[in-house]
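Asks: sequence and predicted model, in that order:
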Amino acid sequence: MAYIIYLDGVALPISPSKMQMKIKNQNRTINLINDGEVNILKSAGLTEISFDVIIPHVKYPFAVYSSGFRPASFFLDKFEALKISKKPFQFICSRTSPSGELLFDTNIKVGMEDYKITEDSKAGQDLQITISLKQYKDYGTKLVNVTVKQTSSTQKATATVQPSRPAETAPALKTYTVKSGDTLWNIAKKYLGNGNRYTEIYNLNKAKISNPNMIYVGQVLTLPN
């Protein structure tokens, strides 16, 4: 089985020999009087991903560069930017069979926990990078307006929640015909305003695209709103 790993839209030139995904839980075991242990099942925790990857200084025939050869410094700068940006990014692992058929993919939003650079004389000029990622889930707060009403003897506080806005009809989806030199990243950057949204285009067109890194001239792709 072959697979390609993308970090924030950038494909690693050499896929790691192995990858570990730890699906954590938040279950809690407690002791009940005279009943022994019981396990309280809770929602799943955040998934953790770790792997070692080789970043070469020279172009090997087995290395894959979707946008042409890039030196090791390009990937080091990318890893550092992901670490200090304090922003989540998309992790994609696309797996294919020896015949090129797409088997399944992992596509989740993550944050860069840490990475370690190892230089070994046995590896020549190549660098070994140990990368640790953790799943990111969007969160936010709800707005509540509090109105204080005066009474003759006491003050009572009542909380009112703003009514939700009526649902709006979603606009019709647009399409785009692939031209020479196009990539999903460039299409998303031009028509959606953010290259990171290329995964949305891929998810809408899985019936047409077997690999997000391979699109062909003349394909008609559906674009998200």
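Replies: Arrived safely.
Asks: what ranges do the helices span in this structure?
Replies: 72-84, 184-191, 198-204 (DSSP state H).
Asks: contacts only, for the residue lying closest to residue 173 once chain neighbours are set aside.
Replies: Spatial nearest neighbour of residue 173, chain neighbours left out: residue 222 (5.3 Å); criterion: C-beta to C-beta, 6 or more residues apart in numbering. Any C-beta I mention is one placed from the backbone N, CA and C, and that applies to glycine too. Listed by C-beta atoms under 8 Å, 6 or more residues apart in numbering, the contact set of residue 222 reads 173, 174, 175, 201, 204, 205.
Asks: before we move on, back to that, dump the helices of the chain into CSV; add mean neighbour count, mean pLDDT and distance to residue 43 as well.
Replies: Below are those laid out as CSV (neighbours: other C-beta atoms under 10 Å; pLDDT from 0 to 100; distance: least, C-beta to C-beta, whole Å):
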stretch, mean neighbour count, mean pLDDT, distance to residue 43
helix 72-84, 15, 93, 27
helix 184-191, 18, 89, 31
helix 198-204, 19, 89, 24
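Asks: so what's the residue count around residue 196?
Replies: Residue 196 has 17 neighbouring residues, counting by other C-beta atoms under 10 Å.
Asks: repeat that for residue 180.
Replies: Residue 180, neighbours per other C-beta under 10 Å, totals 7.
Asks: contacts only, for the closest residue to it other than its chain neighbours.
Replies: Distances taken as C-beta to C-beta, 6+ apart place residue 217 nearest to residue 180, at 5.4 Å, with adjacent residues excluded. Counting by C-beta under 8 Å, 6+ apart, residue 217 touches 178, 179, 180, 182.
Asks: for residue 41, find the nearest of the helices of the chain.
Replies: helix 198-204 (30.2 Å; C-beta to C-beta).
Asks: that older thread, and the helices of the chain as CSV, adding distance to residue 128?
Replies: Output for these, formatted as CSV (distance: least, C-beta to C-beta, whole Å):
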stretch, distance to residue 128
helix 72-84, 11
helix 184-191, 27
helix 198-204, 28
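Asks: so which of these gets nearest residue 101?
Replies: Closest to residue 101 of the helices of the chain is helix 198-204 (C-beta to C-beta; 16.2 Å).
Asks: identify the residues contacting that closest one?
Replies: Residues contacting helix 198-204 (C-beta under 8 Å, 6+ apart): 9, 90, 92, 107, 173, 183-185, 187-188, 192, 209, 212, 221-224.
Asks: sorry, back to before: among the helices of the chain, which comes closest to residue 3?
Replies: helix 198-204 (15.4 Å).
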